[in-house]
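Trainee: Sequence and computational prediction follow.
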Number of protein chains: 2
Amino acid sequence: MSLSDPVLANDVLAQLFTEARTHVQWQDRAVSDEQLQALYELAKWGPTSMNCFPMRLKFIKSPAAKARLVPLLAEGNQAKTEAAPVTIIVASDHAFHERLPVLFPAAPAARDMFAGDQALRDATAFRNSSLQAAYLIMAVRALGLDAGPMSGFDAQKVDQEFFAGTECRTNLLINVGYGVAEKLYPRGPRPGFDEVAEIL
Amino acid sequence: MSLSDPVLANDVLAQLFTEARTHVQWQDRAVSDEQLQALYELAKWGPTSMNCFPMRLKFIKSPAAKARLVPLLAEGNQAKTEAAPVTIIVASDHAFHERLPVLFPAAPAARDMFAGDQALRDATAFRNSSLQAAYLIMAVRALGLDAGPMSGFDAQKVDQEFFAGTECRTNLLINVGYGVAEKLYPRGPRPGFDEVAEIL
């Protein structure tokens, strides 16, 4: 790619980065299962370490599933999640190494390395499912939808409710739909380059 | 945005997701300081929890800085990092809460909440700097550059060398430049939707 890849146009950069916002109020407009599958088909290509791919997803869409999730959220997150067409539960599978022989056959010893080192496995699962959550957020925007990521919820209860009997641990939630731009708060400031970065 | 936001064109989706690759060999073609600043100016807009923004960056570009970093990497990562025009050290500042009064004035109690809960602070720093690393990777691609993220290095030594006297901990590294497409390995497989996701 690269040599032939252009800098993306300003309207594309606006949609993905410079004008994109975290939404908290949602239009009454559905998101289809086909859109959710398209979302996965984009986000899955984002890179993870040794292609370990620890992200596991529950797309909470039906009223019955919403009713299981909403009471487990921080109070400030309940109304907006109730109103969102879809809420994605992004979890980390801490048994991700069992799939490495298929996902990363180039390193046959990788499965056993992770099997024998719980701390490394936990850090790898958490880091890489977080990377994958960000790819999801960017893919939501790339598909013309809006995202509202959240980390205020009772993680243990969400794990019990949606991932019992597995080694999956809920990492964060992402509301998805078509936001109401008029209801946005003012945008938070970001640090200047020199406050957090340095060229050496 | 949303209602007026289109699904991005296929060539854009290819550059960001479907055809983008992790590069391991690099053309002898420089990346300017202006490109690195443009990269930050895009990635900084990706959302973090309570706008906590724990990401701290060192852009390793000069031969002197490269010579400090390369010996601290896993052997398999040394040659490609030596050859990359720039290597970004992405760290998590575990004292990120000190900036919350400026970054998230809507919640005046947030600084003290994090100050009193080290486990919450550590998880928040790690999760959100990982999200921000993924925004960086997507921004690299949006600017027509290639990325090569890595997690094989001696994190304690990198911390000592580049972040002594701070609460910053190195999370991952990203080589940046113009990749050599002919030198790519075959692409790793990804799980099918039904293997890792469910619509409820």
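Mentor: Looks like it arrived, so ask away.
Trainee: Please name the nearest non-neighbouring residue to residue A:83.
Mentor: Counting by C-beta to C-beta, 6 or more residues apart in numbering or on different chains, residue A:26 is the residue found nearest to residue A:83 once chain neighbours are left out, at 4.8 Å. In short, each C-beta sits where N, CA and C put it, glycine included.
Trainee: Ok, residue A:8 next?
Mentor: Once its chain neighbours are removed from consideration, residue A:8 has its nearest residue in residue B:142; the separation is 4.8 Å (C-beta to C-beta, 6+ apart).
Trainee: related to what we said a few turns ago, and the residue nearest to residue A:83, how many residues sit next to it?
Mentor: Taking other C-beta atoms under 10 Å in any protein chain shown as the neighbour definition, residue A:26 ends up with a count of 24.
Trainee: ok, now which ones touch it?
Mentor: Taking C-beta atoms under 8 Å, 6 or more residues apart in numbering or on different chains as the contact definition, residue A:26 lies against A:80, A:83, A:84, A:85, A:175, A:177, A:178, A:179, A:180.
Trainee: farthest-separated two in the residues you listed?
Mentor: Taking every pair in the contacts of residue A:26 and measuring C-beta to C-beta, the maximum separation is 13.4 Å, between A:80 and A:178.
Trainee: Low-confidence ranges, chain A, go.
Mentor: A:1-4 (pLDDT under 70).
Trainee: what ranges do the strands span in it?
Mentor: A:55-60, A:86-93, A:146-150, A:168-177, A:197-199 (DSSP state E).
Trainee: Show me what residue A:22 is bridged to.
Mentor: Beta bridges link residue A:22 to residue A:147 when assigned by DSSP bridges.
Trainee: excluding its backbone neighbours, what's nearest the residue sitting nearest the centre point of chain A?
Mentor: Centroid-nearest residue in chain A: residue A:133, 2.3 Å away (criterion: C-alpha atoms, centre = their mean). The shortest distance from residue A:133 to any residue that is not its chain neighbour, by C-beta to C-beta, 6+ apart, is 4.6 Å, and that residue is residue A:90.
Trainee: wait, doesn't that neighbour sit right on residue A:173?
Mentor: Yes: with contact taken as C-beta atoms under 8 Å, residue A:90 and residue A:173 are classed as touching, separated by 7.0 Å.
Trainee: residues in contact with the closest residue to residue A:191 other than its chain neighbours?
Mentor: With C-beta to C-beta, 6+ apart as the measure, residue B:53 is the residue that lies nearest to residue A:191, at 6.2 Å, once sequence neighbours are left out. For residue B:53, the contacting residues are A:190, A:191, A:196, B:44, B:96, B:99, B:103, B:128, B:132, by C-beta under 8 Å, 6+ apart.
Trainee: Next up, phi/psi of residue B:53, please.
Mentor: Recorded main-chain torsions at residue B:53 are phi 50, psi 60, according to degrees, to the nearest 10.
Trainee: what does residue A:184 give?
Mentor: The phi and psi torsions at residue A:184 (degrees, to the nearest 10) take the values phi -70, psi 150.
Trainee: Let me see the contact set for the closest residue to it other than its chain neighbours.
Mentor: Using C-beta to C-beta, 6+ apart and skipping the chain neighbours, the partner closest in space to residue A:184 is residue A:21 (5.4 Å). Taking C-beta under 8 Å, 6+ apart as the contact definition, residue A:21 lies against A:146, A:179, A:181, A:184, A:187, B:1.
Trainee: among those, who's most crowded?
Mentor: Of all the contacts of residue A:21, the highest neighbour tally under other C-beta under 10 Å goes to residue A:146, namely 27 neighbours.
Trainee: so how far is residue A:105 from it?
Mentor: Applying C-beta to C-beta, to the nearest Å, the value for residue A:146 to residue A:105 is 38 Å.
Trainee: what's the answer for residue A:187, then?
Mentor: The value you get for residue A:187 to residue A:105, if C-beta to C-beta is used, is 45 Å.
Trainee: which strands and helices sit next to the longest helix along chain A?
Mentor: The longest helix of chain A (DSSP state H) is helix A:118-142. Secondary-structure packing of helix A:118-142 (3 or more C-beta pairs under 8 Å, 6 or more residues apart in numbering or on different chains; DSSP states H and E): helix A:33-43, strand A:55-60, strand A:86-93, helix A:110-115, strand A:146-150, strand A:168-177, helix B:118-142.
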